[in-house]
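**Q** Please find the sequence and the predicted model below.
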Amino acid sequence: MTKLDSIHETEAGKNNYPQIKESLLKRFGVESLYDIRWKDIFESCYSHGGYATHTYTGVLKEGVEINEIELAMILDRGYSFFGGESSISEDRSFKVKIWVD
């Protein structure tokens, strides 16, 4: 499981989330993370809401190579979250929990 940094840590320069975002945009040939089509990446993806959290579960398509932080950014359409956790299993199933407040 990978811990997700909050937007405050990003603004303080404690991670490379802006560079990861730029890399994703180039890799997928899009101008915004909103333009990445989930149907090209996920076999399935489900969203579950909770108090101040968004949780996503699903399965990556065969051949899609992304890491846990990239996965969270694609699901959140950015990195303005307040932390969370992300994991991808060997069977390509994933779970991402993003703290939104």
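**A** Everything's here; your move. These numbers were taken from a predicted model, which means no experiment stands behind them.

**Q** Strands along the protein, start to end?
**A** Assigned by DSSP state E, the strands in the chain fall at 2-6, 42-50, 53-60, 82-88, 93-99.

**Q** Please identify the buried residues of the longest helix seen in the chain?
**A** Assignment by DSSP state H gives helix 17-28 as the longest helix of the chain. Buried residues in helix 17-28, counted by 16 or more other CB atoms under 10 Å: Y17, I20, K21, L24, F28. Backbone N, C-alpha and C define where each C-beta goes, glycine included.

**Q** Please report the distance of the spatially most central residue of the chain from F42.
**A** Here the mean C-alpha position of the chain is nearest to the C-alpha of A72 (CA atoms, centre = their mean), at a distance of 1.3 Å. Separation of A72 from F42 (CB to CB, to the nearest Å): 13 Å.

**Q** What residues does the residue of the chain positioned farthest from its centre make contact with?
**A** What lies farthest from the middle of the chain is A12; by CA atoms, centre = their mean that is 20.1 Å. Residues near A12 by CB atoms under 8 Å, 6 or more residues apart in numbering: none.

**Q** Check the spacing between it and G49 real quick.
**A** 29 Å.

**Q** just to revisit the earlier point, got the strands of the chain as JSON lines, with mean neighbour count, distance to D76 and mean pLDDT columns?
**A** As requested, those are arranged in JSON lines below (neighbours: other CB atoms under 10 Å; distance: least, CB to CB, whole Å; pLDDT from 0 to 100):
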{"stretch": "strand 2-6", "mean neighbour count": "17", "distance to D76": "9", "mean pLDDT": "97"}
{"stretch": "strand 42-50", "mean neighbour count": "12", "distance to D76": "11", "mean pLDDT": "94"}
{"stretch": "strand 53-60", "mean neighbour count": "17", "distance to D76": "7", "mean pLDDT": "97"}
{"stretch": "strand 82-88", "mean neighbour count": "17", "distance to D76": "9", "mean pLDDT": "97"}
{"stretch": "strand 93-99", "mean neighbour count": "19", "distance to D76": "5", "mean pLDDT": "97"}
